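Enquirer: need a 3D model of the following:
(10 chains)
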10 protein chains.
Amino acid sequence: MNRDWIREKILAAKEKKKLSWEELSKQTGISEVFLVAVCLGKAVPKKEQADCLCNVLALEPEISEYLQKPVDRSWDKQIPNDPVLYRFYEAFGVYGEAIRELIWEKFGDGIMSAVDMEISLEKVESSAGPRIKLILNGKFLPYKKW
Amino acid sequence: MNRDWIREKILAAKEKKKLSWEELSKQTGISEVFLVAVCLGKAVPKKEQADCLCNVLALEPEISEYLQKPVDRSWDKQIPNDPVLYRFYEAFGVYGEAIRELIWEKFGDGIMSAVDMEISLEKVESSAGPRIKLILNGKFLPYKKW
Amino acid sequence: MNRDWIREKILAAKEKKKLSWEELSKQTGISEVFLVAVCLGKAVPKKEQADCLCNVLALEPEISEYLQKPVDRSWDKQIPNDPVLYRFYEAFGVYGEAIRELIWEKFGDGIMSAVDMEISLEKVESSAGPRIKLILNGKFLPYKKW
Amino acid sequence: MNRDWIREKILAAKEKKKLSWEELSKQTGISEVFLVAVCLGKAVPKKEQADCLCNVLALEPEISEYLQKPVDRSWDKQIPNDPVLYRFYEAFGVYGEAIRELIWEKFGDGIMSAVDMEISLEKVESSAGPRIKLILNGKFLPYKKW
Amino acid sequence: MNRDWIREKILAAKEKKKLSWEELSKQTGISEVFLVAVCLGKAVPKKEQADCLCNVLALEPEISEYLQKPVDRSWDKQIPNDPVLYRFYEAFGVYGEAIRELIWEKFGDGIMSAVDMEISLEKVESSAGPRIKLILNGKFLPYKKW
Amino acid sequence: MNRDWIREKILAAKEKKKLSWEELSKQTGISEVFLVAVCLGKAVPKKEQADCLCNVLALEPEISEYLQKPVDRSWDKQIPNDPVLYRFYEAFGVYGEAIRELIWEKFGDGIMSAVDMEISLEKVESSAGPRIKLILNGKFLPYKKW
Amino acid sequence: MNRDWIREKILAAKEKKKLSWEELSKQTGISEVFLVAVCLGKAVPKKEQADCLCNVLALEPEISEYLQKPVDRSWDKQIPNDPVLYRFYEAFGVYGEAIRELIWEKFGDGIMSAVDMEISLEKVESSAGPRIKLILNGKFLPYKKW
Amino acid sequence: MNRDWIREKILAAKEKKKLSWEELSKQTGISEVFLVAVCLGKAVPKKEQADCLCNVLALEPEISEYLQKPVDRSWDKQIPNDPVLYRFYEAFGVYGEAIRELIWEKFGDGIMSAVDMEISLEKVESSAGPRIKLILNGKFLPYKKW
Amino acid sequence: MNRDWIREKILAAKEKKKLSWEELSKQTGISEVFLVAVCLGKAVPKKEQADCLCNVLALEPEISEYLQKPVDRSWDKQIPNDPVLYRFYEAFGVYGEAIRELIWEKFGDGIMSAVDMEISLEKVESSAGPRIKLILNGKFLPYKKW
Amino acid sequence: MNRDWIREKILAAKEKKKLSWEELSKQTGISEVFLVAVCLGKAVPKKEQADCLCNVLALEPEISEYLQKPVDRSWDKQIPNDPVLYRFYEAFGVYGEAIRELIWEKFGDGIMSAVDMEISLEKVESSAGPRIKLILNGKFLPYKKW
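Expert: As a prediction, the model looks like this:
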């Protein structure tokens, strides 16, 4: 039993039950982005979340236990080149310094946490076609001055 | 007259007038993140935006013209290491694949544009301290099938 | 069933039927470059295209379904060194900035989409030997100004 | 007198005369992409092209001579990150192997020359907005078998 | 007035007054590591700290104001090779995963903040010669589960 | 019998006995960070430590012998990107030069050994939540002057 | 049947027949460097060459067919570090620009083709020991001026 | 007086005297590739060569002395991207292992020296246009077995 | 039969016979560093050395034959990070240019061969503990001037 | 007054006095490699060494003071490519693991210090020409077991 094996197990169960992420999110009450990250092995759920997820997918309790263990969140490509992933990288390459200026002005010397952060994604229809609204909600962490 | 010289010119004028980005955004009607990106030389304003900006900051019209030219949006550090910038990079290293899964489910085979994209930033107060809400709103671009 | 297995399946069927890409393109009505990219797992066909392809190659319907799923378009070598691939890379290293200047002049501040893009390839005979005519047809995407 | 100085000289003359690349191309009879590459210092014109260019821009004959010298065509960023340049790189990362398959099928074992190559760019209007048609026309070079 | 100029200004004033970092720390009441980081331009002091520092070093008030601005904390060598700096990097290359295991066991799924962190350094004499005791005191940040 | 196999063996035995690292440290008298590093294959115990560890975990004596052999302490990612590991790297990217300044002032020209070094980790409760106190205790090594 | 399998097949047949490359070259009439490159999977022979090679080595005709297919000529180490391979790399790092100057002077603006190129290697005895004479014979390709 | 200054001095003198490398080689009796390498600062001449070179170019004797000093032969781009330089790199990426096989067969375990090496370049006319014949003549260095 | 298999074979035989490298060196008459390099597959012995080694270790004659074949001496980590290996790298990063200065002064323009080189290692006791004396003895190779 | 300025100062004084490193070493009593490293800014002398050096070279006492300050020993090229420097790097790439095996056998789990290390260089004449004998004498540092 390891991360890859569990990941395959979960995706197979989801496929077999013909559940979309959206439906799985509704049935488990786990937020969508977080739910997918948990299933891909890039996030760690609370006990009740893990239990519920295994319940809905009819997976054995050992998987729930495994999912609750802390996880190495490393990724492979330091510079991503899949086009979907690259666009996020590019957006912050282009606008990152501008965003930092505004964080500095509105919050002071500190960062936006990538740990105490929630992410959500919405579909917004427009006349020119659908748009993706991606919301990052992270705690501001002021730099310690000691 | 080049990008660096203009950038210094604008920042000095803003400092002299003791304008915050927020105030400058209000006086020019240009959205905050976009406004800062324009001033840092990472975005190109519309003619009326550039004119208005130069007007408010009392800068010569040549600067407005220069600002309207297309710009090389390259950045230096392929892997950013300033902690503020790194956190954005990390957020997508950790959650990028989960977000991609949801884009695929909700929109199909395509990407979130980093060109037809608006970004905004809000301050959200919470009992545990302020949070940063960063909203990326990008057009979904379906892959051409030909 | 995964991408590599399917790729081998398709190439074997094509070889067995002694079909060239050109013939397969004609029989399926799918454009050549796009057809090959689909078979190599770097592009996603429409339902009717996938069904037709599996039909012509006498492959099971599950393969058609799998082919229609969105795909990770990552590639391995950030700097390609196979000579055929390198020449494309070099052409844009040498002429890329010149092309960008012309895009800026003719279209304004924006990019040539690599997502809403069609590519085709023709053989052109000349007295000094055959030439390759490679046509990239991509939508111009103007930068959002907000 | 060096490449950078000449580049600035040419761009200033072009700006002063309010000539677009298109007009300069027409007046000199030099193809657009090639003309810009020459002016940016990434290509070397024929004597008559260089003389004509200097004539039209009213530049001294020494510049024409300098332009005719062979040039180092190196570029800085091994992995480009300006969004315009990156899209070309991505297009070949995604579709490069498919194109190579077709070159192999139609031409045999060899490459598309990046030296004996012409590039042109056209604007194509469509109902969904303008498209960029980029044409690379390169000699096929078969691998020597000895 | 920029970071480098201010850094030189501060170091020259410190040298002229023949103050050690230890003495400067005592006179300003600013913790040693933080004090040096501020002077090197890698940390941002509180207003009273900056004022006091400029006071002790007899520097103009503008420098105090400048020091209080948020700062880009980037560093040059992604893999440091000065032997002093490299040893820190190596220590975490070798023991980092072991430390992570213990953080996971004692604190759960989360990280040790590098932002809400204090660092101090002590000299410890031993029979085999002096030892350096380096203390990193960082807030534990649990991963958000949402 | 190799490092990976032994590592799995040890972790499985520890899991089966439901021992935490803290308990295992107490039962073996081996310091926590060092104990974990030994079990992960990044450190080499003394004979009595290895024997005791195998004893407590009921592992065969051959494992004790193997553990006492010198080990290659290489690591994979030159720039770590797991968030826990990255924070250590970042802390020294930001504060490393400040720490070096203080080592130079207090100890002279030399380094803090990463070989003759002990590391320990403590949990410190505070009103704002738990903090991690990480103590690196390394011998100062003066540069040989010959 | 794939490249690696075929490579092993060929080398084993050559070893079994106790043929040197020199003898194999004589028996097949294929030039030495090209012959070895074909056997290592870095070059593609003509039909008659492939047939002859398989004949001499008593290999099945399918191998001849496979050998005639175009091949990906990628290599693994962007910067080679085997000492034999590195010396070639170093020779061009040191003398490459000098050679380019002479190509420019004698041939004009263009390159030495690495595709239409023959390589041969001779042993030259000298009083100070044997020398290697490596001859690269490549077509000059002038840059297209269009 | 430094390498760059001397390089410019030499190139200017050569240009003023309208000497080609070929003529300079004849007048000084220094082999062409070596001569250019000396002038570019990538090789060190013998005293009589340096004196003769300065004589022919009417340069002061101090330059001759400077040229005779050993030189750092570093180069900038670990992976060259100027097309002329890249082709050499590619030739050895593709054929390097084949050449190594032949060195091993004909000479045994050792390398071709890049230090005790002479390089020459010839123009060879052919019906299909001129060819470049590049000859590397290096001493075989057997590996010490001790 | 390949390098890795042989390496394991040799190490197992050495372990079974409880021979140290020192003893094996004495019994075979092969110098220690060279002996280990041969066994690790990074050096090639003479016939009599290989035969003797296989004799002492009671290995089959085929292994002796295999050991005598030339070997690819590549290594994996361009920048080593195991602490033992890194210190060698660091020593030459810090003192390399100083050593080069002295080679230039004492020997002239040339290099210290890494091919015609012997390495030995001695243990030297001192009051402050044992020291490692590592002796590199390499032929001076003067640069060819042609 | 900074490192580069001082380096130039020292080298100029040495040149003016026509002193070789060997003579300077004798007159100052400082070991050769260390002396050169000090002058290049890669090592820090003792007070008496620095004073003596400045005395012999007739340099002002401020330079002696500056030389005694600790120094950043960083180097530029992570992978050196000057041929002299590269050979050292290659020697340890090829033989490093063999040397490590012997350190482990003769000394146990630990490293050879690159800080408490002396290096010397001798010229050894042989019938086949001069050889360089490079001696690294470093303290063995056993890994702390705690």
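Enquirer: could you give the mean pLDDT of the longest strand along chain A?
Expert: In chain A, taking DSSP state E as the definition, the longest strand is strand A:110-124. Across strand A:110-124, the average pLDDT comes to 98.
Enquirer: likewise for stretch A:31-41?
Expert: Averaged across stretch A:31-41, the pLDDT comes to 98.
Enquirer: which other residues reach it?
Expert: With CB atoms under 8 Å, 6 or more residues apart in numbering or on different chains as the contact definition, stretch A:31-41 has outside contacts at A:3-4, A:6-7, A:10-11, A:14, A:21-22, A:24-25, A:28, A:30, A:43-45, A:49-50, A:53, A:67, A:71, A:118-121, B:94-95, B:97-99, B:101-102, E:145-146. (Each C-beta comes from the backbone N, C-alpha and C, glycine too.)
Enquirer: so what's the gap between that stretch and the chain middle?
Expert: For stretch A:31-41, the separation from the chain centroid amounts to 5 Å (computed by CA atoms, centre = their mean, to the nearest Å).
Enquirer: CA-only coordinates of it in CSV, if you can.
Expert: Backbone C-alpha positions of stretch A:31-41 (Å, rounded to 0.1, in the frame of the first residue of the first chain) are rendered in CSV as follows:
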residue,chain,number,x,y,z
SER,A,31,-14.4,21.4,-1.1
GLU,A,32,-13.6,20.6,-4.7
VAL,A,33,-10.0,21.6,-5.2
PHE,A,34,-9.1,20.2,-1.8
LEU,A,35,-10.9,16.9,-2.6
VAL,A,36,-9.0,16.4,-5.8
ALA,A,37,-5.7,17.3,-4.2
VAL,A,38,-6.4,14.7,-1.5
CYS,A,39,-7.2,12.1,-4.1
LEU,A,40,-4.1,12.9,-6.1
GLY,A,41,-1.9,12.6,-3.0
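Enquirer: list the buried ones in that stretch?
Expert: Using 16 or more other CB atoms under 10 Å in any protein chain shown as the burial criterion, the residues of stretch A:31-41 that qualify are A:31-41.
Enquirer: how about stretch A:60-71?
Expert: Under the neighbour-count criterion of 16+ other CB under 10 Å, stretch A:60-71 has A:63-64, A:66-68, A:70-71 buried.
Enquirer: closest one of the buried residues of stretch A:31-41 to chain I?
Expert: residue A:41 (26.1 Å; CB to the nearest CB).
Enquirer: so which elements touch the longest strand of chain A?
Expert: Using 3 or more CB pairs under 8 Å, 6 or more residues apart in numbering or on different chains; DSSP states H and E as the contact criterion, the neighbours of strand A:110-124 among helices and strands are helix A:32-40, helix A:83-107, strand A:131-142, helix B:83-107, strand B:131-142, strand E:110-124, strand E:131-142.
Enquirer: could you dump the ones you listed to CSV with distance to residue B:76?
Expert: Conversion of these to CSV gives the following (distance: least, CB to CB, whole Å):
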stretch, distance to residue B:76
helix A:32-40, 30
helix A:83-107, 10
strand A:131-142, 23
helix B:83-107, 11
strand B:131-142, 22
strand E:110-124, 22
strand E:131-142, 28
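Enquirer: ok, which pair from the buried residues of stretch A:60-71 is furthest apart?
Expert: Put simply, by CB to CB the two of those set farthest apart are A:63 and A:70, 15.9 Å from each other.
Enquirer: in its sheet, what does the longest strand of chain A sit against?
Expert: Here strand A:110-124 has these sheet partners by DSSP bridges: strand A:131-142 (antiparallel).
Enquirer: what are the buried residues along the strand it pairs with?
Expert: Of the residues in strand A:131-142, those with enough neighbours to count as buried (16+ other CB under 10 Å) are A:131-132, A:134-141.
Enquirer: domain ranges for chain A?
Expert: By the assignment in automatic domain parsing, chain A contains the domains A:3-67, A:83-142.
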